[in-house]
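*Asks:* Need coordinates for the following:
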Amino acid sequence: MELTITSDLLLDLAEHFASLPLLVIGGEAALANAFDADTTFQPTDIRERDNARVSVIDSPNPASFATGLLPAPPDRDLLRRHLLTAATALQPDGLLIIAGANAEGGKTAIKDAEELFGPPTWNGYREKHRLAMFRKTTLLTPAWASQAGIAPGTWQDFRIDTPVGPLGLQTQAGVFAGNKLDAGTRLLLENMSIPAGANVLDLGCGAGILGLTAARMGAGAIMMTDANLLAVETARHNADRLGIAATVIASDVLAQLDGQRFDCILSNPPFHRGKKVDLSVANRLIAEAPAHLTPGGSLVIVANAFLAYDKHMREAFPQVEIIAKTPQFHVMRGTR
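*Replies:* This is a model prediction of the structure:
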């Protein structure tokens with residue numbers, strides 16, 4: 001598999017400066033797979049986890065790695081979480097190598113790393129990317145290092161209003177929408193109707209807002225899925241805190257749900273990959289949903305108004321309706 005520019009730059013630096021054992025924090029499996037031995041990968045996405053040919057972990061042991069490679073994510077809170085992971089996982093005098101696209105916060109990533117590790121031992125600029133190397137000597141204590149939801153193992157509280165009352169939740173860095181209710185999910189939340197005892201799937205669940213609200217509305221069995229492993233952990237954590245029985249698993253759209261059927265599938269599908277519009281997840285969901293619905297079951301999705309989901313919905317479902325609409329979003333229901 002061809003490497004992204006970020007991974008290719010990290011690989012080039014690692015080949016010259018890295019020592020083993022090596023930890024790849026986030027990013028793509030192809031970077032970790034490029035090393036022959038003694039490499040560990042900490043993925044944040046099930047698709048990358050499943051493509052890894054090296055050891056995969058949820059969290060590294062302290063002082064276990066000589067080198068860390070960090071492809072800087074555009075989410076600054078997640079970047080900071082990864083930096084704290086590196087600070088813990090690296091051995092004394094261990095080396096951290098960072099690369100990030102300038103258009104996606106690469107310069108900021110280097111600045112945040114400097115606030116934790118001190119000045120870089122080397123920094124550069126290649127192919128519209130910022131790069132830097134840091135040694136773990138005396139770590140500094142930036143204010144964000146103890147911020148709830150950023151420090152590994154901590155959670156940030158937030159509260160939303162739902163049609164069945166307030167819902168107190170917790171989240172962590174790297175989960176969609178952070179500690180806010182985004183406008184699209186809000187519109188779906190305000191307009192969804194859950195039959196009593198319905199078997200419901202919240203696909204792309206994030207912190208679990210839709211699925212947990214559906215449970216409060218009287219749904220029967222609740223399943224929540226997300227490709228983001230941090231979201232899966234968060235939704236499971238919230239279900240446990242609230243005492244709501246729910247099955248929460250990582251899934252690439254519906255790939256891990258073979259043979260399972262639902263009365264209702266709820267989703268606010270992503271339509272970006274980085275800064276580019278990418279409808280592949282939504283298109284797969286629409287095409288594959290009928291095979292995962294009971295007779296008369298429905299797929300209810302929210303989408304930006306400029307996205308042309310109507311055609312795909314009408315190709316997949318005999319009955320399609322717009323059940324809510326604003327200038328920015330619309331909620332569509334396709335019934336099998």
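*Asks:* how about residue 267, what does it touch?
*Replies:* 202-204, 210, 285, 299-302 (CB atoms under 8 Å, 6 or more residues apart in numbering). From N, CA and C alone the C-beta is placed, and that goes for glycine too.
*Asks:* Which members of those residues occur in helices, if any?
*Replies:* Mapping the contacts of residue 267 onto helices (DSSP state H) picks out 210, 285.
*Asks:* Between which two of the contacts of residue 267 is the distance greatest?
*Replies:* 210 and 285 (13.9 Å; CB to CB).
*Asks:* Which of the two has more residues huddled nearby?
*Replies:* The neighbour comparison of residue 210 against residue 285 (other CB atoms under 10 Å) goes to residue 210, with 29 against 23.
*Asks:* from memory that one sits against residue 189, does it?
*Replies:* Yes. Counting by CB atoms under 8 Å, residue 210 touches residue 189, with 6.5 Å between them.
*Asks:* what's the distance between residue 242 and residue 206?
*Replies:* Per CB to CB, to the nearest Å, residue 242 is found 15 Å from residue 206.
*Asks:* what about these two, which has more around it?
*Replies:* Between residue 242 and residue 206, residue 206 has the larger neighbour count (other CB under 10 Å), namely 26 against 15.
*Asks:* residues touching the residue positioned nearest the centre of the chain, list them.
*Replies:* Nearest to the geometric centre of the chain sits residue 228, at 3.4 Å (CA atoms, centre = their mean). Residues in contact with residue 228 (CB under 8 Å, 6+ apart) are 44-46, 174-176, 206.
*Asks:* circling back to that earlier point, mind putting the contacts of residue 267 in TSV, pLDDT included?
*Replies:* Shown next, in TSV, are the contacts of residue 267 (pLDDT from 0 to 100):
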residue	pLDDT
202	98
203	98
204	97
210	98
285	96
299	98
300	98
301	96
302	95
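*Asks:* among the contacts of residue 267, which are in strands?
*Replies:* 202-203, 299-302 (DSSP state E).
*Asks:* out of those, which is most surrounded?
*Replies:* residue 202 (29 neighbours).
*Asks:* show me the contacts for it.
*Replies:* By CB under 8 Å, 6+ apart, the neighbours of residue 202 are 208, 210-211, 214, 222-225, 235, 266-267.
*Asks:* Just give the number of residues close to the closest residue to it other than its chain neighbours.
*Replies:* Excluding the flanking residues, the one nearest residue 202 by CB to CB, 6 or more residues apart in numbering is residue 211, at 3.2 Å. Neighbourhood size, residue 211 [other CB under 10 Å]: 28.
*Asks:* Residue 220 too?
*Replies:* So residue 220, with other CB under 10 Å, has 15 neighbours.
*Asks:* For it, pull up the helix or strand it's in.
*Replies:* Assignment of secondary structure by DSSP states H and E places residue 220 within no helix or strand.
*Asks:* Next, it: phi, psi?
*Replies:* phi -90, psi -100 (degrees, to the nearest 10).
*Asks:* show me where the stretch 51-200 of the chain has strands.
*Replies:* Secondary structure of the stretch 51-200 of the chain by DSSP state E, counting those that start in this stretch: the strands cover 55-56, 65-71, 90-101, 122-126, 129-135, 156-162, 165-171, 200-203.
*Asks:* With residue 333 as the reference, measure out to the residue nearest to residue 263 when sequence neighbours are not counted.
*Replies:* Distances taken as CB to CB, 6+ apart put residue 198 closest to residue 263, at 4.1 Å, once the chain neighbours are dropped. Relative to residue 333, residue 198 is positioned 14 Å away (CB to CB).
*Asks:* again, but for residue 93
*Replies:* 58 Å.
*Asks:* Tell me which of the two has more neighbours.
*Replies:* Neighbours per residue (other CB under 10 Å) separate residue 93 from residue 333, with residue 333 holding more: 20 against 9.
*Asks:* From the chain's centroid, how far away is whichever strand or helix holds that one?
*Replies:* Using DSSP H and E, residue 333 falls within strand 329-335. Centroid displacement of strand 329-335 relative to its chain, using CA atoms, centre = their mean, to the nearest Å, is 24 Å.
*Asks:* Excluding chain neighbours, give the residue nearest to residue 109 in space.
*Replies:* residue 72 (3.7 Å).
*Asks:* Check whether the one you found really touches residue 97, as I assumed.
*Replies:* No. Under the criterion of CB under 8 Å, residue 72 is not in contact with residue 97, lying 10.8 Å apart.
*Asks:* Counting neighbours, go ahead and name the busier of those two.
*Replies:* The neighbour comparison of residue 72 against residue 97 (other CB under 10 Å) goes to residue 72, with 32 against 26.
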